[in-house]
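# based on what follows, work out the 3D shape:
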Amino acid sequence: MESLPMTYFGTLCRAVAFAGVLFSTGAATAPAFAAPADVALLHSYIGEWRGRGVLIGANRETVVCRLSLSKGNADKVNYSGKCTLAGTQLSINGTIAYIEASKRYEAAMTTNATFTGTAVGQKRGTGLVFNLREREEDEEGKDITITAQIHLSVNEIDVSFSAVYVENGDSLRAEVPFTR
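Okay, the predicted model is just below:
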């Protein structure tokens, strides 16, 4: 695969930003009246997290991230994060919450890479898993499929994602484990 165009890098930045903090982003506007166990699970992720992984595409790039999770309003958890990738810094902010009315965890986010989104999470074992599959267009109108999974456990957060151009199959993929 040849060197990637700048628009592909922009799409990658949005994908990394979405995947990297999908779990820690702002919940939908519905009130979050969660059961005590759901609130306790969310609060168990509060703290400082660091991640380091590899992005594989036309080249291998190191991804380095910091993430701070803190108590928010109405039993939510707020976050603020930054990732450095190929000399570019991505900022991500938001909140996660358990939405009792829909019996699920929800996360929505904003980034400096012009991406906003909402994802649904499920309790798996003693942790949470958020899955995403989106299809977007880049700045040139080319279709891209973005998939991401974020798995939160007591002492680790694992983020994996991929971005694939539908037309030609060019892709990027990354895995970034976070620890406290």
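
# in this structure, which spans are helices?
Using DSSP state H, the helices found in the chain span residues 6-21, 36-43.

# what's the least confident stretch among those helices?
When the helices of the chain are compared by mean pLDDT, helix 6-21 comes last with a mean of 50.

# going by neighbour count, list what's buried in stretch 36-53.
Using 16 or more other CB atoms under 10 Å as the test for burial, stretch 36-53 gives 38, 39, 41, 42, 44, 45, 49, 51, 53. In this view, the C-beta of every residue, glycine as well, is placed from N, C-alpha and C.

# show me where the chain has its strands.
Ranges of strands within the chain are 47-56, 60-71, 77-85, 88-99, 104-111, 116-124, 127-137, 143-152, 156-165, 171-179, based on DSSP state E.

# can you add mean pLDDT and give those back as TSV?
Formatted as TSV, the strands of the chain follow (pLDDT from 0 to 100):
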stretch	mean pLDDT
strand 47-56	94
strand 60-71	93
strand 77-85	88
strand 88-99	85
strand 104-111	80
strand 116-124	82
strand 127-137	83
strand 143-152	84
strand 156-165	87
strand 171-179	91
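
# residue 46 against residue 67, yeah?
No. Applying CB atoms under 8 Å as the test, residue 46 and residue 67 come out as separate, 11.1 Å apart.

# residue 137 - how many residues pack around it?
11 (other CB atoms under 10 Å).

# how about it: what's its closest non-neighbour residue?
residue 143 (6.0 Å; CB to CB, 6 or more residues apart in numbering).

# cool, and residue 45?
Leaving out its chain neighbours, the residue that sits closest to residue 45 by CB to CB, 6+ apart is residue 69, at 5.2 Å.

# what's around the one you found, how many residues?
Residue 69 sits with 25 neighbouring residues when counted by other CB under 10 Å.

# wait, residue 39 touches residue 75, no?
Yes. Between residue 39 and residue 75 a contact is recorded at 4.5 Å, counting by CB under 8 Å.

# now list whatever residues contact both of these two.
Residues touching both residue 39 and residue 75 by CB atoms under 8 Å, 6 or more residues apart in numbering: residue 98.

# partners of residue 156 in the sheet?
When bridges are called by DSSP bridges, residue 156 pairs up with residue 179.
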